[in-house]
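Enquirer: Below are the sequence and a predicted model; questions follow.
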Amino acid sequence: MRSESMNLGRKLACAVLVLVLAASAAANWLAPAGYARQYRDATGAPPSRAHWLGTDEIGRDRFARVLYGTRISLLLAPAAAFLSTLMAAFIGGLAGYLGGAWARIAMAVTDLFLSLPWLFLLITARALMPLNVSPLVSVLVTFLLLGLLGWTTAARVLCTTAASLRSSDFVRQARAVGLPGQRLFWIHVVPNLKPVLYAQFWISIPVFILSEANLGILGLGVAEPMPSWGSLLKELEGMVSVGEEPWKFVPLILLVVVVTSFQLLLSRQEEIAA
Amino acid sequence: MKQHDRGSKQLAYRCGSAIAVALICLGSLLGQLSAQSGELRFCLRAEPKTFNPLKVEEDSSGAIRYLTGGVLVRVNRQTQELEPGLAQSWKVSKDGRQISFRLRSGISFSDGTPFTAEDVAFTVQQLMDPALHSPTGDAFRSGTGNVETKVISPTQISIRFPSQVAGLDRLFDQVAILSQHSPKKEMAVLGPFMVADYKPGSEVLLKRNPNYWKIDEQGRKLPYLDSIRLDIQPNRDVEMLRFKRGELDLINSLDSEYFDKLAATSPQLAHDAGASLDSEQLWFNEVAKSPIPGYKKNWFRSANFRRAISEAINREDLSRVVFRGHAQPAMGPFSPANKFWFNPNLKPQTYSPDAAMKSLQSEGFRLENGTLKDKDGNTVVFSIITNAGNKSRERMAVLIQDDLQKIGIHVNVVTLDFPSLIERMTQSFDYEAIILGLTNVDLDPNGEMNVWLSSSDSHQWNPQQKTPETPWEAEIDRLMRAQASTSDLKKRKEAFDRVQEIVVEQQPFIFLVNKNALSAVSANVHGAAPVILSPQTFWNAERLSVPAK
Amino acid sequence: MAFDTPQNDTLLSAHFSLRYADKPVLRGVRLEIQRGEVMGLVGQSGSGKSTLAMTILGLLEKKRAHAEGSIQFQDSDLLQLSERELRTLRGRSISLVLQSPLSSLNPALRIRTQLKEAWRAHASGTNSDCGNAIRTCLESVSLPTDDEFLRKYPSQMSVGQAQRVLIAMAVMHRPVLLIADEATSALDVITQSEILALFRALNRSTGMAILYISHDLASVAGICDRIAILHQGEVVECGTTEQIFANPQHEYTQRLMAAMPRILPAGPSIQHKTQAAATR
Ligand SMILES: Nc1ncnc2c1ncn2[C@@H]1O[C@H](COP(=O)(O)OP(=O)(O)O)[C@@H](O)[C@H]1O
Ligand SMILES: [Mg+2]
C-alpha cells in the first residue's frame, strides 16, 4: 500500500521533471519569441493566446522567460548546491574525521568564514570583475561564488557527525580490515554523512536561486536581459494579494514543484538505507 | 541645488515588509481608537535628522521645516510666483547684493515671544555662520566676506552680502526664521504648525500653532487642521497599504506602478500633476584619466557619438512603457514644468535609428553582421550602470539596451548598490555610462551652478576640470558666470536659454524623461490641489481640512 | 615445511607495556601465540583485553597511547612498524572481529560493497575475481551467496548473520592470526555456540591461529587450546586449557573459576570465599 503510493509519487515526480527539462530544452521552439523580445505595446498583459503567461512590465513574454530561465537556474543552482555540499563534506567531514588539530583548525576557519563581512566581500568581488561581462558569465560567476561560500553551516554539523563516526565500531572494524585512510573516508564516513549532505543540497538549491536574484543589487547575478528563476521571482516583490495576477506565481510554483519532485525521486534510496 | 536621488535605500527594508504588514493589522486597531478630529496623517519616509531649520538636508526634515517654519517670502508652489510671507514687501538692490524687507507687525512665535527684525538678523547671521555648516546657507555664499545685517526698525531690515547672489529673494523661501530670545530655541516657530511630540522611529506629531498670523478670506484663522501626524515609514508597500485602509491621507511622489494600481480601483484618489522638475538621464564617462580603454574614451568624448545614442533612444517608449505614461520625454536639461526658465524654443528630441546610424557612419563606424564597429575595427560594446532596486531605472536601461541593439550596439546592464555606484561615479571613474536621476527642488537654475561649471565636483560627465576641456564647456562656464553676476532677469534668462541649447547640442547628459508628479490624496481631505513642486500634496497644508470625527 | 623449527612455530610473541597518558593499562604483558592454535584471553572488563588487541593491530592513536616493549610477529616488531606497513598486515595477516556485529558494519552500505572493499584493500583483480573471493569466504561461514543477500543492508540481517559476515570479511585473505574481541558476547546462547563452532572449524580448515578474547571463562573453554588470564593489565597465568581448569595457579584465576556458572548450584563456601576476596 505504502510502497504503491510512493511509486505513484515517484512516477509523477519523474514525469514532472522530464516535462520541465524537455520544455526548457525545447524553449527555442516552444516559446513564442526570444526572452529579450519586448512587445512594447503589450506590457504587463494578462495571459492570452499570444502570451500564455502574459508579459512582464516591459512587455517580454513571461512564458518564454520562464522556459529560458529554467535552463539557467535548473542547471546552475543544483551545480552550485553540489559544489557547496562537496565543500562542506570535504572541509567539515574531513576535519571531523581526522580530528584533533585538524578539526580545531577547520572549525576556526569556518567560524572566521561565518563572521566575515559578506556584503563587503561580495561588493569587492563585483568591483574586481569588469563591468562588461556577458549576462551568462555574470550568472556563472554568481553561482560559483554561492557554491564557494555556502558550505559553512553544513560544515559545522558535518564536523561533529564525522567525529562521532570516527570512533564508531564500523570505522574501527574497517581499519582493522586494512582499508587505507582516504578509502575509509570516502567509503565509511561520507556515506554516513549523506543525510546531512542531502539536507544541505536540497536546502541550498532554492536558497541559491533566491540569493542569485538578491545579488542583483550588488551587480552580480544574472544580467538583463537574460532571465533566471531568481529574476522572475523578483516580480513577486511587493505583491499584496495572490488573487490579483495569479499567473505571476508560475515561477514560484515551478520552483516548489521541481524541488519537491527531485526530493521525492532521490530520497527513496535513503529511506531504504535507513 | 540638484542632488542625486538616493533611491536605493529601500532595499534594506524590503525584507521587513512582511513583519511590518503584520504589525499594521495591530496598529490599525489602535489607530482607530486614537483618531482625533481634524487630524491629517501621512508618512515621512525616513527619520528626520534635525528640527533645526537651518540644518535641514534631507526630505523628512525639509517637510517638517515647510510645515512649521515661518518664512519672509514664499514661492507659491502652484503659480511658481514669489509671495509675501512674514515680509509684506521686499526689494533687491540693483547690484544684487542687498535685500531689504518690510515685516508684518504684531506677530509672535508659537511660544508667545514677539517676532521682530532682530530675529531675522539673528537667523541670517546663524545661516551664514561657517561653523554651523548650514546647507541652506550654502546657496547664499557667493563670495568671501561677512554678511551685514542692518536692523532699521522692528519691522525693517536690510541684509547685504559680500557679493552678488543670483535669485536672492527666492532663496529666502528656504529660510525659516528663528527666535533670538525664545528659551525654546528652534522649537519656537512662526509657521502654521509646531512640533508637539516626537517618538523616534515611530512618529512626529505636529499641532496647530495658535499664534500663526495668517487668516483666510473669510477672516478665519489658519490653519484649519488641529494636528498633523507624521508616521516614520520607509516601506512604500506599507505606506500604500495604509493609505488604502484609510489610515493615511496623503502620499507624495508615488511610483507609477502604485499610481496605476490605485487609479484602477479609486481613480478619484490618484493625482497626476504632470511633468515635474525631476529628470532621468544617461551620460557617458568623459573623464580623461578614467581607467577605461582609450578607444572607448574617444567614442564617449565625441559629440557625434553621443547625439547618435540620444537619437537611437526611443523616449516615447520610455515614458509610455517604463513610467506607464506618467513621464514626459525630456526636451533638455530643464523640464517644461519650470514655467519661467524652460527654453520654449527647444523641440522634442527626435527618435530616429536611421539618422543615428548615418551620423555614426559619418565618423567611420560601420555595421558588420549586425554589430557596430568603430573605424579601427573595435566592436562597440559598453556597459550602463545604475543603482540596484530602482525598478524604473533598471527598466529604462533594458529598453535602451534593446534600442541600441537595433543600431548594432551591445549594451551590458549592470545594477550596483548605491555606494559602489557613487564610488565609481565620483572617485574611481571606472564606468562607461550611467543612468541616474536628478531631483530638483529649486526653480532657479542658479542652484545648478555646481552641475554645469566644468570645475565643479558635480559636473558628473567630467568633473573638476582645471580649465574647460572643450569649447562648449568653456562657453557654458562663461554663460553661467555671466548670469550669476547680474540680477537682470532678462539677461539671466538669455544666458540659460543658451546653456539649454548647448546641452541639447552636445548631449553631455542625455536627458531621457521628466517624471510626472504623482500623488494620492484621500477623499477625506478638503482643499487639496497637488502640484509638481515639492511638497506636492501638502504645500497648502494651512488650508487643508479633514472632517472631525 | 622444510625449515620448520620449534621457534618458527611461535607466530606472535609480545612483551610490552602500555599507558594512556599517565594511566598504565597494560603492565609488562607477556603473550605468545603459536601457529594454528586457538589462544584464549580472559579477564574481567576493564582489564585491558581490547587495548591489547588494538595494540597488536596498531589501531591505537599513537599520540595518546604509549607502548613500550615489542610485539614480534613474523620477523618484525609490530610496535616499530609504520602505519603503512601495519595497514598491509591488517586484514591480510592479522584480522579482527569485534563484539557487536551490527554496529561493526556500516549501516549505509550494502553487504556486497563492504565485502568488496575488504577484498580490494589487499587484492587487485577483475570484478569476477572479487565475486569469487566473496563467494568463497561467504561459503566458508555458511552464508548464502546469492545476489539478493549481497544487496542487503546490515539492518536487514539478523545478528548472527551479521557476525558471520564480519567473520567472512576477516578470513577473506586467509590471515595467519584472527583476533576475536568478545566476538560472541552479544549473541544469544544458540547463536553463540554456532559462531564458536564456526571459529573452531575455520581454525581446523585453514590452520589460522585465533586469539579469542572474552570476559567469560566458560565460553572459551570449548574452543581454546591455551588460555591466558589478564588481570589489572598483567597476564597473571597462562597455560593449556586443561591446566587452567584443573589446577588454577593464580588466586585471580581461582576466583574466575569459582564464579563460573555450573550445572550444580554453587556451594555456600565458594560464595563466601568470593566475597572475602572482594572485600580484601
Ligand atoms: N582511549 C582511552 N583513553 C584512556 N583510557 C582508556 C582508553 N581506552 C581504554 N582505556 C582504559 O583502559 C583500560 C582497559 O580498557 P579495555 O582495553 O577496553 O578493557 P577490556 O576490553 O578488557 O574491557 C580501562 O580502564 C579503560 O578505562
Ligand atoms: Mg573490551
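Expert: In hand now; what should we look at? Ligands and ions are numbered 1, 2, ... in the order given.
Enquirer: Can you report how many residues neighbour the closest residue to A:Ser261 other than its chain neighbours?
Expert: Nearest residue to A:Ser261 in three dimensions, chain neighbours excluded: A:Ala13, at 3.7 Å (Cβ to Cβ, 6 or more residues apart in numbering or on different chains). Yep, even glycine has a C-beta here, placed from its N, CA and C like the rest. Number of residues near A:Ala13 (other Cβ atoms under 10 Å in any protein chain shown) recorded here: 20.
Enquirer: So what's the gap between the helix or strand that contains A:Ala13 and the chain middle?
Expert: A:Ala13 belongs to helix A:2-25 when assigned by DSSP states H and E. Remark: helix A:2-25 is offset 19 Å from the chain centroid, using Cα atoms, centre = their mean, to the nearest Å.
Enquirer: so where is the stretch 151-274 of chain A shaky, pLDDT-wise?
Expert: A:216-217, A:238, A:240-242, A:267-274 (pLDDT under 70).
Enquirer: Would you mind listing what in it touches chain C?
Expert: Residues of the stretch 151-274 of chain A found near chain C, taking Cβ under 8 Å from any Cβ of the partner chain as the criterion, are A:168-170, A:172-180, A:183, A:187-188, A:191-192, A:194, A:272-274.
Enquirer: how close does the residue nearest to A:Ser261 sit to A:Asn7?
Expert: Distance, A:Ala13 to A:Asn7, by Cβ to Cβ, to the nearest Å: 11 Å.
Enquirer: Give me the contact status of stretch C:55-62 with ligand 1.
Expert: No. Stretch C:55-62 lies out of reach of ligand 1 by Cβ under 6 Å from any ligand atom, never closer than 7.4 Å.
Enquirer: Just the buried residues of that stretch, please?
Expert: Within stretch C:55-62, the residues scored as buried using 16 or more other Cβ atoms under 10 Å in any protein chain shown are C:55-60.
Enquirer: ok, and of these, which contact chain A?
Expert: C:57, C:59.
Enquirer: What about the buried residues of stretch C:55-62, which are in helices?
Expert: Among the buried residues of stretch C:55-62, the ones falling in helices (DSSP state H) are C:55-57.
Enquirer: Out of those residues, flag the one nearest to B:Arg395.
Expert: Using Cβ to Cβ, C:Leu57 is the member of those that lies nearest B:Arg395, at 70.5 Å.
Enquirer: three-state assignment of C:Leu15?
Expert: Just to correct that, residue C:15 is His rather than Leu. With DSSP: H, G, I helix; E, B strand; the rest coil as the basis, C:His15 sits in strand.
Enquirer: Near C:Thr113, how many other residues are there?
Expert: Residues contacting C:Thr113 under the criterion other Cβ under 10 Å number 16.
Enquirer: got a list of what it touches?
Expert: C:Thr113 makes contact with A:Ile187, according to Cβ atoms under 8 Å, 6 or more residues apart in numbering or on different chains.
Enquirer: Could you do the one 10 residues further on as well?
Expert: By Cβ under 8 Å, 6+ apart, the contact list for C:Ala123 reads C:129-130, C:133, C:173.
Enquirer: that's a helix at it, yeah?
Expert: No. According to three-state DSSP, C:Ala123 belongs to no helix; its state is coil.
Enquirer: returning to that earlier point: show only the entries of the residues of the stretch 151-274 of chain A next to chain C found in helices.
Expert: Taking DSSP H, the ones among those that sit in helices are A:169-170, A:172-177, A:183, A:191-192, A:194, A:272-273.
Enquirer: could these be laid out in JSON lines, adding distance to chain B and neighbour count?
Expert: What follows is these, written out as JSON lines (distance: Cβ to the nearest Cβ, whole Å; neighbours: other Cβ atoms under 10 Å in any protein chain shown):
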{"residue": "A:Asp169", "distance to chain B": "47", "neighbour count": "16"}
{"residue": "A:Phe170", "distance to chain B": "45", "neighbour count": "23"}
{"residue": "A:Arg172", "distance to chain B": "48", "neighbour count": "18"}
{"residue": "A:Gln173", "distance to chain B": "50", "neighbour count": "26"}
{"residue": "A:Ala174", "distance to chain B": "47", "neighbour count": "27"}
{"residue": "A:Arg175", "distance to chain B": "49", "neighbour count": "22"}
{"residue": "A:Ala176", "distance to chain B": "53", "neighbour count": "27"}
{"residue": "A:Val177", "distance to chain B": "52", "neighbour count": "26"}
{"residue": "A:Arg183", "distance to chain B": "46", "neighbour count": "14"}
{"residue": "A:Pro191", "distance to chain B": "38", "neighbour count": "16"}
{"residue": "A:Asn192", "distance to chain B": "37", "neighbour count": "23"}
{"residue": "A:Lys194", "distance to chain B": "33", "neighbour count": "16"}
{"residue": "A:Ile272", "distance to chain B": "40", "neighbour count": "9"}
{"residue": "A:Ala273", "distance to chain B": "38", "neighbour count": "16"}
